[in-house]
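Participant: Turn this into a model:
(2 chains)
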Amino acid sequence: MSEASLTYVYGLTRAAAPLPEEPGVDDRPLRMLRLGALGAVVSDVPAAEFAEDALRGHFEDLGWLERVARRHDAVVQACHRAGVAMPLRLATIYVDDVSAEQRLAEIAADVERTLDRLDGCDEWGVKFFDSPASQSPSAPPEPTPSTSGADYLRRRQAEMMRSGEAAASAAVRADSVYRALAKHAVADTRHRPQDPKLAGRREPMLLNAAFLVRRADTHTFRAAAAELAGHHLEEAIVLTGPWAPYSFAGTTG
Amino acid sequence: MTAVERRELPAQQASLVDLLDRLLGVGVVLSGDVTISLAGVDLVTVKLRALITSVREPE
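Facilitator: This next block holds a predicted model:
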């Protein structure tokens, strides 16, 4: 008896695009479902591992999550390098090829528009971290024994004012970095800043942005990022990429 | 290239968190005739819990 399998969809592309020479999740071979001018890059996955209940458990397992995410990304990046790819979310799964094709037929017009919009572009990630100095309290917090309640309140108010001003100025600096880079991009979006524990730095992340940049504008964009980094020596600007256009794959975007 | 060619910011290795920002947070969900319907919000919550738990374990 053959085991039950489901259809895992990595991304959408044009039907004429070559199938990447990458293995899929769990080393399953990739296949291309073609529907008119569109193609969906898929592979079979075992139902026992990818059905909803199993999946909920697996998403709590960081090792499993990383393995599937890295493989998903390798396939999507290969499609992106070979032509134009519209990445799908991790674990986009159908009962079978027929139901995947039906869904693709329903959204075909949107997908074609999105592929046209993404063609010739890469995604670049830009993270902006506050300066380490922002994390060390400037005023000694030790209260002196003679301090009156009124003194304490005054000092506390001044502290709160300072930290409010610092937060506002951080937001202004993050916005200015974002706007400066957006000038060199065809689209831009902001992800939620990562928790400092996840980002692996003590300084708060002020900006977690993604930019869709034409390949012809790559140098201009990266040079603009270098120039901004030169203006923000206290803070840190971190560039990642080139990514497949994950952050711009929404059909409504 | 000319002498005025400006320097580029080097790209750093993307972390798993950077990848998950993209793979879970956005993109298209082909909902509809699907057996597995995990809401995007649920996935992000689950993901962050798994990650934060794992990162904080040494404490």
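
Participant: beta partners of the residue nearest to A:Thr218 when sequence neighbours are not counted?
Facilitator: The shortest distance from A:Thr218 to any non-neighbouring residue, by CB to CB, 6 or more residues apart in numbering or on different chains, is to A:Asp122 (6.9 Å). Heads up, the C-betas are built off the backbone N, CA and C, glycines and all. Under the criterion DSSP bridges, A:Asp122 forms beta bridges with A:Val213.

Participant: so what's A:Asp122 up against?
Facilitator: A:80, A:212-213, A:215, A:218, A:241-245 (CB atoms under 8 Å, 6 or more residues apart in numbering or on different chains).

Participant: and A:Ala109, how many residues sit next to it?
Facilitator: By the other CB atoms under 10 Å in any protein chain shown criterion, the neighbourhood of A:Ala109 contains 9 residues.

Participant: Surely it forms part of a helix?
Facilitator: Yes - per DSSP: H, G, I helix; E, B strand; the rest coil, A:Ala109 lies within a helix segment.

Participant: Return the distance of the longest helix along chain A from the chain's centre.
Facilitator: When chain A is scanned for its longest helix (criterion: DSSP state H), the result is helix A:149-182. Its chain's average C-alpha position is 28 Å from that of helix A:149-182, according to CA atoms, centre = their mean, to the nearest Å.

Participant: Spell out which residues make up each domain of chain A.
Facilitator: A:5-119, A:122-248 (automatic domain parsing).

Participant: Next one: A:Arg192, what pLDDT does it get?
Facilitator: What the model reports for A:Arg192 is a pLDDT of 82.

Participant: Give me the buried positions along the longest helix of chain A.
Facilitator: A:170, A:173-174, A:177-178, A:181 (16 or more other CB atoms under 10 Å in any protein chain shown).

Participant: so which of these comes closest to chain B?
Facilitator: Set against chain B, the nearest of the buried residues of helix A:149-182 by CB to the nearest CB is A:Leu181 (10.2 Å).

Participant: re earlier: and the longest helix of chain A, is it in reach of chain B?
Facilitator: No - using CB under 8 Å from any CB of the partner chain, we find that helix A:149-182 stays clear of chain B, coming within 10.2 Å at best.

Participant: how close does B:Ser15 get to chain A?
Facilitator: 7 Å (CB to the nearest CB, to the nearest Å).

Participant: If we ignore the residues flanking it in sequence, what's nearest that residue?
Facilitator: Nearest to B:Ser15 is A:Gly200, by CB to CB, 6+ apart, at 7.1 Å.

Participant: So what's the residue count around the one you found?
Facilitator: 10.

Participant: Does A:Pro245 touch A:Gly120 like I think?
Facilitator: No - look at A:Pro245 against A:Gly120 with CB atoms under 8 Å: they stay out of range, at 10.5 Å.

Participant: Please identify which of the two sits among more neighbours.
Facilitator: A:Pro245 (28 against 13).

Participant: returning to that earlier point: could you report the distance from the residue nearest to B:Ser15 to A:Ala47?
Facilitator: Distance, A:Gly200 to A:Ala47, using CB to CB, to the nearest Å: 36 Å.

Participant: Might one say that A:Glu101 is in contact with A:Met32?
Facilitator: No - with contact defined as CB under 8 Å, A:Glu101 and A:Met32 do not form a contacting pair (11.5 Å).

Participant: Mutual contacts of these two, please.
Facilitator: Taking CB under 8 Å, 6+ apart as the contact rule, the neighbours common to A:Glu101 and A:Met32 are A:Ala40.

Participant: more neighbours, these two?
Facilitator: Between A:Glu101 and A:Met32, counted using other CB under 10 Å, the more crowded position is A:Glu101 (18 against 15).

Participant: and the more buried one, what does it touch?
Facilitator: A:33, A:35, A:40.

Participant: I would like the residues contacting stretch A:167-178, please.
Facilitator: With CB under 8 Å, 6+ apart, stretch A:167-178 has contacts from A:126, A:128, A:130, A:134, A:188, A:190, A:204, A:206-207, A:209, A:228, A:232, A:235, A:237.

Participant: residue ranges with poor pLDDT in chain B?
Facilitator: B:1-5, B:25-59 (pLDDT under 70).

Participant: my bad, should have said chain A
Facilitator: In chain A, residues with pLDDT under 70: A:1-2, A:135-147, A:251-253.

Participant: The same query, at a cut-off of 80, please.
Facilitator: Residues of chain A meeting the criterion pLDDT under 80: A:1-3, A:51-53, A:55-57, A:59-62, A:133-148, A:160-168, A:195-200, A:250-253.

Participant: ok, which stretches of it are helices?
Facilitator: Using DSSP H, helices in chain A cover A:47-50, A:52-58, A:62-82, A:97-106, A:108-118, A:149-182, A:196-199, A:218-231.
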